[in-house]
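Asker: Fold the following for me, if possible:
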Amino acid sequence: MKKVAILDIDDKTGEQLSEKLNRSYTNKVVFIKCDVSKENDVQTAYEQSLKTLGLIDVIINNAGGMDDSPNVWRTASDVNWQDLVSFTMKGVSHMGKDEGGAGGTIINVSSVVALISMPILPIYSGSEAAVIQFGRSMAIS
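Answerer: The predicted model follows:
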């Protein structure tokens, strides 16, 4: 194992997890607090990850929020979709061999709701379907 950066909005749980992993993997894990619904946090966390790790060769976008309520749906969509695009594009730019990078892997996690109609959660379903289509389009570009 090289090094791992864990990004999350929950700093208490993130710190606890990184401390636990560091006991087993001797200082290989760093926790960075990040609210992925805010682009400034995404940019700062990406830069901090790059500075701490030196090289990013794997990105796993796994943040998600399932809330279609009138006052939360936009934030949930930012978490499900916008941050994933932002981290993916940053990763492609950093890792892309055509841009001088060393290559790497980006894993974008989506819910099964992306593949079925979920009438009680149309906004969530749409954001998860966007993840699938984005991944398919990026894979052939």
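Asker: Nearest residue to the most centrally placed residue in the chain in space, please, no chain neighbours.
Answerer: In the chain, the residue lying closest to the centroid (CA atoms, centre = their mean) is residue 61, at 2.8 Å. Spatial nearest neighbour of residue 61, excluding adjacent residues (CB to CB, 6 or more residues apart in numbering): residue 84 at 4.3 Å. Bear in mind the C-beta positions are built from the backbone N, C-alpha and C, glycine included.
Asker: okay, now the one you found: neighbour count?
Answerer: Neighbourhood size, residue 84 [other CB atoms under 10 Å]: 27.
Asker: Give me the contacts around the helix ranked longest in the chain.
Answerer: In terms of residue count, the longest helix belonging to the chain (DSSP state H) is helix 122-140. Under the criterion CB atoms under 8 Å, 6 or more residues apart in numbering, residues 65-68, 73, 76-77, 80-81, 84-85, 88, 92, 108-111, 113-118 lie in contact with helix 122-140.
Asker: Narrow those to those in helices?
Answerer: Residues of the contacts of helix 122-140 located in helices (DSSP H): 73, 76, 77, 84, 85, 88, 92.
Asker: Of the residues you listed - the most surrounded one?
Answerer: Going by other CB under 10 Å, residue 84 tops the ones in helices among the contacts of helix 122-140 with 27 neighbours.
Asker: what about stretch 114-128, start to end distance?
Answerer: Using CA to CA, to the nearest Å, one end of stretch 114-128 lies 5 Å from the other.
Asker: Give the buried residues for it.
Answerer: Buried residues in stretch 114-128, counted by 16 or more other CB atoms under 10 Å: 114, 118, 121, 123, 124, 125, 126, 127, 128.
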